[in-house]
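Chemist: Below is the sequence, then the predicted model.
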Amino acid sequence: MKIITDCDGVLLDWAYAFDVWMSELGYERLENTTHFYDQSDRYGITQEESIKCIQKFNESGCVGFIPAYKDSVEYVTKLANLGYRFDVISCLAQDKYSQHLRKKNLVHLFGNVFDYIDCGIPLTGGKYDYLKERYNGKKYFWIEDSISHAISGTKVGLKSVLMNHPYNKKWDGLRVNNWKEIFELITNDSTY
């Protein structure tokens, strides 16, 4: 029994950690911008500067200490206790040290619940080709916060579920507010 999940905005609270880090660098997030996914819109900076900041953050030691997102630890643990295993597919960094820190952080927070963790997918390429190669037709649950990545999962046969955020309101598919709802969805699905 396998669950595929994104990391940031799903398992870990990347946005919170990034906001703290940006604040320490002197950046101020603009008011009423939580509905923007793009950090350039949230901070009133150029796309180029936004990408540089994200890359710098994602390649910093901070990625080893990002806190869990909402109730993720409790319900991932409950699902693991029922026999579910997790694969994490995330766009973080090409830097091997950042990837190592991300993996250590996940295992520290969630324990030995992961069969596979890949956080080296480039930030700008999307996940479709990767999901197709690894999970085509598998019908696993795919937990995401990005609409485009959720659509990619659906296209390859995954059961895409979007973690509700102000920036992804345009998703017409299945959405949840927290891991408790994911737990209920998965454990009540007779086809899984």
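Modeler: That came through fine. Numbering: from 1, shown residues only.
Chemist: how about the closest residue to F114 other than its chain neighbours, secondary structure?
Modeler: Computed as Cβ to Cβ, 6 or more residues apart in numbering, the closest residue to F114 that is not its neighbour in sequence is F86, at 5.1 Å. C-beta here means a position set from N, CA and C on the backbone, and glycine is covered the same way. For F86, the reduced secondary structure class is strand; criterion used: DSSP: H, G, I helix; E, B strand; the rest coil.
Chemist: Is it correct that F86 is in contact with V76?
Modeler: Yes. Applying Cβ atoms under 8 Å, one finds F86 in contact with V76, separated by 6.9 Å.
Chemist: Name the residues contacting each of these two.
Modeler: F110, V113 (Cβ atoms under 8 Å, 6 or more residues apart in numbering).
Chemist: coming back round to it: so what's the residue nearest to F114 up against?
Modeler: With Cβ under 8 Å, 6+ apart as the criterion, the residues that contact F86 are K2, I3, I4, T5, V76, L79, A80, F110, V113, F114, D115.
Chemist: Run through the neighbouring helices and strands of the one helix or strand the third one maps to.
Modeler: I take that to be I4. I4 is located in strand 2-5, with elements delineated by DSSP states H and E. Counting contacts by 3 or more Cβ pairs under 8 Å, 6 or more residues apart in numbering; DSSP states H and E, strand 2-5 packs against strand 85-89, strand 141-144.
Chemist: from the chain's centre, how far out does it sit?
Modeler: Distance of strand 2-5 from its chain centroid, counting by Cα atoms, centre = their mean, to the nearest Å, is 12 Å.
Chemist: coming back round to it: quick check, nearest of the contacts of F86 to K170?
Modeler: T5 (21.1 Å; Cβ to Cβ).
Chemist: From the recorded domain assignment, give the ranges for the chain.
Modeler: 2-13+66-187, 15-64 (automatic domain parsing).
Chemist: Pick the most buried one from the ones you listed.
Modeler: Among the domains of the chain, ranked by average contacts under mean count of other Cβ atoms under 10 Å, first place goes to domain 2-13+66-187 (a mean of 18).
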